[in-house]
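Colleague: this is a predicted model, with the sequence first.
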Amino acid sequence: MLIPEAIAAQAVASGARSELAAAGLLAGGSQFPRLVVDVLRVDELSRGIRVQDGQPRAGGMSVALTVRGRVLAGENQDARLDTGDLRRSVQVGGDSDPRADSATYDAALRTAAEHAGRAVARIALGIPEPNDDPP
């Protein structure tokens, strides 16, 4: 994990586990083959600016997460599949209250991360999936 938001890693893992479980391929322990997911980056983009009390405020934001998955066949073996970078994003409205805005950001990050985890698992399962969401 290359980002400071631990909730993103948890949500990516949850999304990947959900897809693997639905396919009947979720196993515990240290068995192979194994799906390894790297959480690479989080991007936050402003989706508009509005004026409130004479001050500029975010009118909304896009929270995007980029991940990369690899399927390992065994210990010390090269990956037999590499998904390449996958990006999933969520658009949300801004809030003038910093606490509410922070909670909205966390929820958007969790959603984007879960979508990214599901996408990586689908590619590992051989299900076609686009590599990138629009910003």
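Modeller: Okay, I see it.

Colleague: helices of the chain, start to end?
Modeller: With helices called from DSSP state H, the chain shows them at 6-22, 98-124.

Colleague: other SSEs contacting the longest one?
Modeller: In this case it means helix 98-124. Applying 3 or more CB pairs under 8 Å, 6 or more residues apart in numbering; DSSP states H and E, we find helix 98-124 packed against helix 6-22, strand 34-46, strand 60-72, strand 79-93. Bear in mind the C-beta positions are built from the backbone N, C-alpha and C, glycine included.

Colleague: coming back round to it: confidence-wise, which of the helices of the chain is weakest overall?
Modeller: The stretch with the lowest mean pLDDT among the helices of the chain is helix 98-124, at a mean of 89.

Colleague: that older thread, tell me the most buried of the helices of the chain?
Modeller: Of those, the one with the most neighbours on average (mean count of other CB atoms under 10 Å) is helix 98-124, at a mean of 20.

Colleague: what inclination does it have with respect to strand 79-93?
Modeller: With axes from the mean of the first three to the mean of the last three CA atoms, to 10 degrees defining the directions, helix 98-124 sits at 150 degrees from strand 79-93.

Colleague: right, so of the helices and strands packed on helix 98-124, which gets closest to residue 111?
Modeller: Among these, the nearest to residue 111 by CB to CB is strand 79-93 (4.8 Å).

Colleague: where's residue 55 relative to residue 74, distance?
Modeller: Separation of residue 55 from residue 74 (CB to CB, to the nearest Å): 57 Å.

Colleague: an error on my part: the question was meant for residue 93.
Modeller: Distance from residue 93 to residue 74, by CB to CB: 47 Å.

Colleague: just residue 108 next, same as before
Modeller: 37 Å.

Colleague: again with residue 50
Modeller: Distance, residue 50 to residue 74, by CB to CB: 54 Å.

Colleague: ok, back up a step: closest one to residue 120 among the helices and strands packed on helix 98-124?
Modeller: Across these, residue 120 has its closest neighbour in strand 60-72 (3.6 Å, CB to CB).

Colleague: in CSV: the helices of the chain, plus distance to residue 86.
Modeller: Formatted as CSV, the helices of the chain follow (distance: least, CB to CB, whole Å):
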stretch, distance to residue 86
helix 6-22, 10
helix 98-124, 5
